[in-house]
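Student: Okay, sequence plus prediction incoming.
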Amino acid sequence: MTGEIQVTDIVKYQNGRLEMAVTPTWEQAQYAVNHLDNMGRNIAFWMGDFLNYMEDIFGEEWAQLIPNVAWEEKTLMNWKWVCRAVHPDVRETRLSFSIHAVIAKLTPELQAVWLERALEGGWSCARLSKELKGPPKEKAPKLRKVLVCCPNCENEFNFEIEV
């Protein structure tokens, strides 16, 4: 379909709005929604990769591009870091960018394993984070030392009690 018609023949998108260029056929509507969904799912990867490329090309000067972008600097830096940490060959495009952010601190081998588990299990970010932490550790009971003086014999006894 891409050879016949482009998404911009169906919709016109501008800053903060989208308008219909034509009344689409069902096939065109499916094509447009898939294209727009793909854009939304990939913007963090695209911007992160782009900023990493700019750093590789321009060194420290790359940061001067940030004021020209409407995204928060913290967001851009997160995207850049995740994209540097998770190689494109490891990424699973059927999973969210947020899931990739969760596994970014792992080795590439472990990233691939956990992305596959998340995909197979249909996990959310919260579930993936929980699975990465493993089962909850049993907490040792909190003990408090208590000194008790016997009123009859006046001997002192040390006890530890759970609180």
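Tutor: Perfect, thanks for sending it.

Student: What are the buried residues along the helix or strand where residue 58 lies?
Tutor: Assigned by DSSP states H and E, residue 58 falls within helix 26-58. Buried residues in helix 26-58, counting neighbours by 16 or more other CB atoms under 10 Å, are found at 28, 31-32, 35, 44-45, 47-52, 54-55. From N, CA and C alone the C-beta is placed, and that goes for glycine too.

Student: what about residue 13, is that helix, strand or coil?
Tutor: When classified by DSSP: H, G, I helix; E, B strand; the rest coil, residue 13 comes out as strand.

Student: Next one: it from residue 19, what distance?
Tutor: Computed as CB to CB, to the nearest Å, the residue 13 to residue 19 distance reads 8 Å.

Student: Who are the packing partners of the helix or strand just after the helix holding residue 58?
Tutor: Of the helices and strands lying after helix 26-58 in sequence (DSSP H and E), the nearest is helix 73-85. Packing partners of helix 73-85 (3 or more CB pairs under 8 Å, 6 or more residues apart in numbering; DSSP states H and E): helix 26-58, helix 97-103.
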